[in-house]
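Visitor: Would you be able to build a 3D model of this:
(one chain, ligands or ions: 1)
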Amino acid sequence: MRIAVIGTGYVGLVTGACLAARGHRVTCVDQQQEIVRQIQAAQAPIFEPGLEEILREVTARGRLSATTNLKEAVLGAELSLVAVGTPLRDGEIDLSQVREAVAAIGRALKETNRHHTVCIKSTVVPTTTDTLVKQLLTEASGRQPGEFGLAMNPEFLREGRAVEDFLKPDRIVIGADDDFSFAAVQRLYEGRFDAPLLRVSLRTAEMIKYAANSLLANLISYSNEVASICEATGGVDVREVLDAVTRDKRFHAGSETGGAGPEITKYLEAGCGFGGSCFPKDVQALAAYSRKRGYQPRLLQATLAVNREQPLRLVARLAEELGGLAGRRVAVLGLAFKPGTDDVRGSPSIAMIRRLLEKGAEVRGADPRAAGNMNDVIPAVPGRVRYFREYAAALDGADAVILATSWPEYLEIPPDEFRRRLKRPLVVDGRRALNREGLEGAGCRYLGVGLKEKEKGPQA
Ligand SMILES: NC(=O)c1ccc[n+]([C@@H]2O[C@H](COP(=O)([O-])OP(=O)(O)OC[C@H]3O[C@@H](n4cnc5c(N)ncnc54)[C@H](O)[C@@H]3O)[C@@H](O)[C@H]2O)c1
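Guide: Predicted coordinates for the structure are as follows:
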C-alpha cells in the first residue's frame, strides 16, 4: 500500500519506518526541513532503539522517502496517516497541528478523483475525527463525506521501546464508521502484524487511547499516594507493601509463578511521578474535555494533583535532610522522563531542577542521551545549573544526588563510587532502583520514595 505519514516525530517516524519494513511504500512528510533532511539520509532525528537500523534498511530498499511537500505525498498515496502533535494549551488539547495538516490533505484531495482514506493516529479527544476532521476535509476537498475514507487508529507505543511496541502490538484499534474506511486501515496491518484487530467507532477509538493512558497514570499516582502515607507512618516500606499487593493472582492471569509479575505491575511502583509527552497531557486533556461535557473527573484530577506534587516532595525531603538547599550542590541523575529515550517532555526532573534552583541550590544534571534536550528547557547557567553526559562529572563534589531516571548504567554504579565522589554521601532514590543495602554498607545515607525510618516514641 502507498502511504503518506504526516508529521514524523516519535510516532510518525516509527510508524512510517515500521510500516515500510512490513512491505508498504511510505512517504514521510514533515514541515521541518531538518527532520526531512535527516530521514532522507537514513538518520533518525530522535533517539529510539532500533529505529536507525530500520530506516537504513527501508531507505536502501526504496520503501521509504521523506519530503516537506505534503500535497505531492498525499496525491501519491492511497492512505494518509496523521501523526502530528496534539500538545496542551491552557490545560486543553491544542488541535491546531491537526487542523492544519487535515486542511492541507483536503486541499490536495481537491486535485484528484482518486479515493483516499485519512486516518488520524495522533491522540485526539473524542468526537474530533467525526466532527472537526470530517468537516475540515469536506470543506477543503470539495468532496462529500463518504467520498473520502475516514478512520482513527490510536497508537500505544512507548518511547524507548517504540519500534518493538509497534512491531509487536498488544492490539490494533481501528475506529471507522463505514466498511470502506475500516478496510483501508485493515490492509495496513492484516497479515503483517500478529495482534487482535479491534473494530470500533471513530469516537470509541479516540476514547480507548485516553482510557488506557489514564488508567496507567492512575496506577502511578495511586502508588505514590500509598508511598506518601507510608512515609507519614514511618517504619513501612512502600516497596514491600506494593510487592505484596501485586502478588494477588488476579494480577498474574496466565502466570503460574506469582513471581516478578507482568509488566502492568511496573506501573504500581512509587517514584518521582509520571512524565513524558503523553500521560500528563492526555490525562489533562481528558479531564478538561470531561469538564466541558459536564462531568467532573475527580479521579483524573486527583491523579494529576498527586503527580504534580510528587517530584517536589523529593526535593522537600532533601531540603529537610540538608537543613536547607541554599548554596548546596545537588546532582540529578537522569533528565529524560524515563530510561531509553532522549525525550524530556514532562520529565519530573524539570520540576525538581526548577524547585532546586528556586531554593538556591546549584544543580548538576546528568543523562546519557537527554542533556542537550534539557538544556533547551532549562538552559545551563554557570555556577547555577550544568548538564553532563557522564554521571561522574555531576556527582563529583555534590552534597547529594537524586536518582531521577533509572538508566541501567546508574544502577550499576558501585556504592563506594557514590561515597567517593560525593562530598556528603546522601543518595535520594527517586525510583527505588538503587541498591539500598550496598549504599548504606558503603557509608551513604539512603532516602527512598515511600520509605522512612520509624520515629521513636508513641504513634497515633
Ligand atoms: N510520543 C509518544 O510516545 C506517543 C505515543 C502514542 C501517541 N502519541 C501521540 O501521537 C501524536 C504525535 O506525537 P509525537 O510525540 O510523535 O509528536 P512530535 O511533536 O514528536 O512530532 C510531531 C511532528 O509533526 C510535525 N508537524 C506538525 N504539523 C505538521 C504539518 N502540518 N505538516 C507536516 N508535519 C507537521 C512536526 O514538525 C513534528 O515533527 C500526538 O498526538 C501524541 O499524543 C505519542
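Visitor: Return the alpha-carbon coordinates of the helix or strand hosting Thr138 using CSV.
Guide: Per DSSP states H and E: Thr138 is located in helix 134-141. Only the C-alpha atoms of helix 134-141 are listed here, as CSV (Å, rounded to 0.1, in the frame of the first residue of the first chain):
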residue,chain,number,x,y,z
LYS,A,134,-14.6,15.4,8.8
GLN,A,135,-15.8,18.9,8.4
LEU,A,136,-12.3,20.3,7.5
LEU,A,137,-11.8,17.6,5.0
THR,A,138,-15.2,18.1,3.4
GLU,A,139,-14.7,21.9,3.1
ALA,A,140,-11.1,21.8,1.9
SER,A,141,-11.5,18.9,-0.6
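Visitor: Ramachandran coordinates for Arg419?
Guide: Main-chain dihedrals, Arg419, degrees, to the nearest 10: phi -60, psi -40.
Visitor: Distance-wise, check Leu312 relative to the ligand.
Guide: Applying CB to the nearest ligand atom, to the nearest Å, the value for Leu312 to the ligand is 25 Å. Placement of C-beta: from N, CA and C, glycine included.
Visitor: Run the chain-centre distance for the host helix or strand of Ala20.
Guide: Per DSSP H and E, Ala20 falls inside helix 10-21. Per CA atoms, centre = their mean, to the nearest Å, the displacement of helix 10-21 from the mean C-alpha position of its chain is 17 Å.
Visitor: Next secondary structure after that helix?
Guide: Sequence-wise, the next helix or strand downstream of helix 10-21 (DSSP H and E) is strand 25-29.
Visitor: Beyond that next one, next helix or strand please.
Guide: The helix or strand immediately downstream of strand 25-29 is helix 33-40, counting by DSSP H and E.
Visitor: got the contact list for Arg308?
Guide: Residues in contact with Arg308 (CB atoms under 8 Å, 6 or more residues apart in numbering) are 273, 351.
Visitor: measure it to the ligand for me?
Guide: 20 Å.
Visitor: can you check Tyr410 too?
Guide: Taking CB to the nearest ligand atom as the measure, Tyr410 and the ligand are separated by 22 Å.
Visitor: Around that residue, how many other residues sit close by?
Guide: Using other CB atoms under 10 Å, Tyr410 is surrounded by 21 other residues.
Visitor: Could you do Met352 as well?
Guide: By other CB under 10 Å, the residues close to Met352 number 27.
Visitor: Quick check: closest non-adjacent residue to it.
Guide: Closest residue to Met352 apart from its sequence neighbours, by CB to CB, 6 or more residues apart in numbering: Pro311 at 4.7 Å.
Visitor: Surely that neighbour and Leu356 touch.
Guide: No. Assessed by CB atoms under 8 Å, Pro311 is found out of contact with Leu356, at 10.2 Å.
Visitor: Next, show the common contact partners of these two.
Guide: Counting by CB under 8 Å, 6+ apart, Pro311 and Leu356 have no shared contacts at all.
Visitor: who's in contact with the helix holding Ala20?
Guide: By CB under 8 Å, 6+ apart, helix 10-21 touches 3, 5-6, 8, 26, 28, 30, 39, 44-46, 48, 51, 54-55, 57-58, 63-64, 81, 83-84, 121-122, 155, 157, 159, 162-163, 166-167, 188, 277, 343.
Visitor: repeat that with 7 Å
Guide: Under the criterion CB atoms under 7 Å, 6 or more residues apart in numbering, residues 3, 5, 8, 26, 28, 39, 46, 48, 51, 54-55, 57-58, 63-64, 81, 83, 121, 155, 157, 159, 162-163, 166-167, 188 lie in contact with helix 10-21.
Visitor: Take those and keep only those in strands.
Guide: Among the contacts of helix 10-21, the ones falling in strands (DSSP state E) are 3, 5, 26, 28, 64, 81.
Visitor: Kindly give a single PyMOL line that selects the buried subset of the residues you listed.
Guide: Only the buried entries of the ones in strands among the contacts of helix 10-21 go into this PyMOL selection, using 16 or more other CB atoms under 10 Å:
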select buried, resi 3+5+26+28+64+81
